[in-house]
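Novice: Have a look at this prediction, sequence included:
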Amino acid sequence: MLRVQQRSFALRYFPPKTTTAIVSSRNKSVWAEEAEHPNVDLQSKIPFARAKVGPFFQDKPRLNNLYLEDVTLRSYLRRVMPKEVLQAITPDLEQFGRRVATDIADLGRDCELNPPYLRPFDAWGRRVDQVVTCEAWRTMHDISAQEGIIAIPYEREFDQWSRLYQLAKLHMFAPASGLYSCPLAMTDGAAKVTESTGDRLLLERAYPHLVSRNPAEFWTSGQWMTERRGGSDVARGTETVAVPQDDGTHRLYGYKWFSSATDADMTLTLARVMDNSGEVVQGTRGLSLFYLETRDSNGELNNIQVQCLKNKLGTRQLPTGELLLDGAVAHKVSDEGRGVAAISDMLTITRIHNSLMATGSMRRLVNLARDYSTRRKVFGKLICDHPLHMQTLARLETETRGATLLVLEVGRLLGLQDCNMASEHDLLMLRLLTPITKLYTAKQAVAVSSEGLESFGGQGYIEDTGLPTFLRDAQVLSIWEGTTNVLSLDVLRSLVKSEGAVLQAFYTDATTRLKKAAGKDSLRPSCQAVESALQTTLKFAQKAASQDPAMLEVAARDFSYSLARIYIGVLMLEHASWDQASPTDTTAAVRWCQQDLCPVMTHDLAGCYGKEGVAQDSALVLEGYQGGASAQ
């Protein structure tokens, strides 16, 4: 320290002789100009000095109207919707497309920057368990009501097309909403369950709030299923018990481990009814569905303690908590032991919402990347003029178009079910396509988000840009509402329970659409490729089922991927064969069909599903491992 101080003193009073050399090394033209013109302000000539950081600033990417620029969404609606319905809803979709790129986008960003937090006690030590959310989050509640995000499909102004109208808005809204789309998904699910169960209390008490357009009356709902033992395995994971009361209500006691929309007004949850001897029925047969309001008439929590809010990788805008139910007053809304069946409609809705978040996020990020490519110059030209960069974006665009067509088609089927207009074929397709759509679009969203961020270079990794949020939030899509493996097994379950009827419906649907698309010469080779993959996939399913059911379970993931890729190919080819299709519709469809459409057969030929392949999987993963519960 002494030597440093001495050197500082010496430099201050005895400047080094090298000063002249340093000065002379500066830009000589600048100093020459000073000599000739002594009044010139040299600071104005130097780009990097003091507070100046240079003359160049990169223009940021911008979003335009999300509806007008989504050619896939608009053309699908134009192709399938009655003309008079589309004319009626287009003004709303156009104005909403502007909002999700402007004021709603700003509010969503504010939700990200001001995440919720838990205030467990007040200043006097009284436990209050207050979940504090930002003003933008609360504004999203009001916007959701006013825009009719939940109301539209239940008002049924446009019959079965009302659901597709809602999905079009959600597709744009979800990635801009600061994750307010999550409580909306559960709210939509709760409204659907209310209709399907016909429970009087739900219909009279909750339903008017769930579908209200008045912000002062609009309620959101939770879906509290996950407990410490797990989320998807509710049969063995649910420990919450329901104690009957003399007034017909029940008191719930349990610990809900992962409860999103912690600030919701109500929730649907599963519990096991305790009999007079204190016993409960284990397994799925013991689960019943309950409705509870989170606060009582005095505004106090309904015997619920918020233990903590989860510290998550993404979706930080959304309050997700661990909740202790200590005698929460609830009402049974299903027959005893029929809870899983009663809540199945809610799972269908939330999985479709999950898919909409995936497709909406992909579309939003690809639009930003496209705009940025027209603003960013590298190596002497705009990056939109670099063929390799545009090839990369074109691949992302193809993924986004395919995913969008898939989720919209599922929405069309859901609209038919909403209005009791669905045929047996429609219901079978909805049952099969819902888990397939959710699992596949979630994986697409993660991949597209990662590649999309890369298209911005280093700025894609900078939190201040808001871009990393896409990737962090996308990762949850393959986890919430059933992981990829869990949903793949659900696909197999639909095959078994329908005795193969869903697969037959899938084959009939796909071949009918392909036959029409094959009439266009430019699409015929692709149609043949998809049909070949379809035949191969069905033959694999038949072989696996007849040889060893366990084989099909190991192949479930690849089997589901095959069905997803095939059906997306079918939808893209059908869309491209439409008489008003654009040349890019054909390009996207043909390119989609150039990939491996049948990965299940590819891996089967490699021996991945037999006993030897299964043994190799375990050996590969566990080699060298010395841990495990027995080693603790």
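Specialist: Cool, got the structure. For clarity, every value in this text was computed on a predicted model and none was experimentally measured. Residues are numbered from 1 along each chain as shown.

Novice: Tell me where the model's unsure across the protein.
Specialist: 1-45, 48-52, 629-632 (pLDDT under 70).

Novice: Dead centre of the protein: give me the residue that sits there.
Specialist: The C-alpha lying nearest the average C-alpha coordinate of the chain belongs to Met357 (Cα atoms, centre = their mean; 3.5 Å).

Novice: I'd guessed that one sits against Trp480; true?
Specialist: No - with contact defined as Cβ atoms under 8 Å, Met357 does not reach Trp480; the gap is 9.3 Å. C-beta here means a position set from N, CA and C on the backbone, and glycine is covered the same way.

Novice: ranges for the helices of the stretch 151-300 of the chain?
Specialist: Along the stretch 151-300 of the chain, counting by DSSP state H, counting those that start in this stretch, helices occupy 151-155, 161-173, 181-197, 200-201, 207-210, 234-237.

Novice: what would the ones you listed look like in a markdown table with distance to Arg412 and mean neighbour count?
Specialist: Output for the helices of the stretch 151-300 of the chain, formatted as a markdown table (distance: least, Cβ to Cβ, whole Å; neighbours: other Cβ atoms under 10 Å):
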| stretch | distance to Arg412 | mean neighbour count |
| --- | --- | --- |
| helix 151-155 | 12 | 21 |
| helix 161-173 | 6 | 25 |
| helix 181-197 | 16 | 25 |
| helix 200-201 | 31 | 12 |
| helix 207-210 | 23 | 19 |
| helix 234-237 | 30 | 15 |
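
Novice: Can I get the ones you listed in TSV including distance to Leu382?
Specialist: Formatted as TSV, those follow (distance: least, Cβ to Cβ, whole Å):
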stretch	distance to Leu382
helix 151-155	40
helix 161-173	27
helix 181-197	34
helix 200-201	61
helix 207-210	48
helix 234-237	53
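
Novice: Skip the chain neighbours and tell me the closest residue to Met186.
Specialist: Closest residue to Met186 apart from its sequence neighbours, by Cβ to Cβ, 6 or more residues apart in numbering: Gln223 at 4.4 Å.

Novice: now Gly97
Specialist: Tyr67 (2.9 Å).

Novice: wait, what's in contact with that neighbour?
Specialist: Taking Cβ atoms under 8 Å, 6 or more residues apart in numbering, we find Tyr67 in contact with 73-74, 93-94, 96-97, 168, 172.

Novice: Could you rerun that using 10 Å?
Specialist: Contact analysis of Tyr67 by Cβ atoms under 10 Å, 6 or more residues apart in numbering lists 73-74, 77, 90, 92-101, 168-169, 171-172.

Novice: Please indicate which of these are buried?
Specialist: 73-74, 77, 92-93, 96-101, 168-169, 171-172 (16 or more other Cβ atoms under 10 Å).

Novice: what's the burial count for the nearest residue to Ile352 once chain neighbours are set aside?
Specialist: Nearest residue to Ile352, sequence neighbours excluded (Cβ to Cβ, 6+ apart): Val410, at 6.0 Å. Residues lying near Val410 (other Cβ atoms under 10 Å) number 25.

Novice: is it true that Val410 touches Arg351?
Specialist: Yes - in terms of Cβ atoms under 10 Å, Val410 counts as a neighbour of Arg351; the distance is 9.2 Å.

Novice: shared neighbours, the two?
Specialist: What both Val410 and Arg351 touch, as defined by Cβ under 10 Å, 6+ apart, is the set 434, 437-438, 441.

Novice: any idea which helix is longest in this structure?
Specialist: helix 339-373 (DSSP state H).

Novice: partner strands of the helix or strand just after that one, parallel or antiparallel?
Specialist: Using DSSP states H and E, the helix or strand that follows helix 339-373 in sequence is strand 377-378. Sheet pairing of strand 377-378 (DSSP bridges) gives strand 381-382 (antiparallel).

Novice: ok, Leu433 to Ala564 distance?
Specialist: 9 Å (Cβ to Cβ, to the nearest Å).

Novice: just checking, what packs against the strand ranked longest in the chain?
Specialist: The longest strand of the chain (DSSP state E) is strand 320-332. Strand 320-332 is packed against strand 127-132, helix 200-201, strand 221-224, strand 241-244, strand 250-260, strand 266-273, strand 287-293, strand 304-309, with contacts defined by 3 or more Cβ pairs under 10 Å, 6 or more residues apart in numbering; DSSP states H and E.

Novice: Show me what the longest one is packed up against.
Specialist: Think strand 250-260. helix 181-197, strand 221-224, strand 241-244, strand 266-273, strand 287-293, strand 304-309, strand 320-332.

Novice: helices or strands next to the second one in the packing?
Specialist: What it means is strand 221-224. helix 181-197, strand 250-260, strand 266-273, strand 287-293, strand 320-332, helix 339-373.

Novice: Select, out of those, the one closest to Pro47.
Specialist: Pro47 lies closest, by Cβ to Cβ, to one member of the helices and strands packed on strand 221-224: helix 339-373, at 24.7 Å.

Novice: gap between that closest one and the chain center?
Specialist: Helix 339-373 has its C-alpha centroid displaced from the chain centroid by 4 Å (Cα atoms, centre = their mean, to the nearest Å).

Novice: Measure how that helix sits relative to strand 287-293, angle-wise.
Specialist: 60 degrees (axes from the mean of the first three to the mean of the last three Cα atoms, to 10 degrees).

Novice: quick one: buried residues of helix 339-373?
Specialist: Within helix 339-373, judged by 16+ other Cβ under 10 Å, the buried ones are 339-340, 342-343, 345-373.

Novice: cool, and stretch 483-495?
Specialist: For stretch 483-495, by 16+ other Cβ under 10 Å, it's 484, 486-492, 494-495.

Novice: ok, back up a step: by neighbour count, which of the shared contacts of Val410 and Arg351 wins?
Specialist: Neighbour-wise, the shared contacts of Val410 and Arg351 (other Cβ under 10 Å) top out at Thr441, 31 neighbours.

Novice: what sits against that residue?
Specialist: With Cβ under 10 Å, 6+ apart, Thr441 has these contacts: 351, 354-359, 361-362, 399-400, 402-404, 406-407, 410, 448, 477-478, 564, 568.

Novice: Let's see that with 8 Å instead.
Specialist: By Cβ under 8 Å, 6+ apart, the neighbours of Thr441 are 354-355, 358-359, 403, 406-407, 477.

Novice: go on, Val241?
Specialist: Per Cβ under 8 Å, 6+ apart, neighbours of Val241: 252-254, 271-274, 280.

Novice: which residues does the residue lying closest to Met274 once chain neighbours are set aside form a beta bridge with?
Specialist: If you skip the residues right next to it in sequence, Met274 has Val241 as its closest partner in space, 4.8 Å away by Cβ to Cβ, 6+ apart. Beta-bridge pairing for Val241 (DSSP bridges): Tyr253, Arg272.

Novice: how near is Arg99 to Leu73?
Specialist: From Arg99 to Leu73 the distance is 16 Å (Cβ to Cβ).

Novice: want to try a markdown table for the buried residues of stretch 483-495, with secondary structure and distance to Gly286 as columns?
Specialist: As requested, the buried residues of stretch 483-495 are exported to a markdown table (DSSP: H, G, I helix; E, B strand; the rest coil; distance: Cβ to Cβ, whole Å):
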| residue | secondary structure | distance to Gly286 |
| --- | --- | --- |
| Thr484 | helix | 28 |
| Val486 | helix | 21 |
| Leu487 | helix | 24 |
| Ser488 | helix | 26 |
| Leu489 | helix | 22 |
| Asp490 | helix | 21 |
| Val491 | helix | 26 |
| Leu492 | helix | 24 |
| Ser494 | helix | 24 |
| Leu495 | helix | 27 |
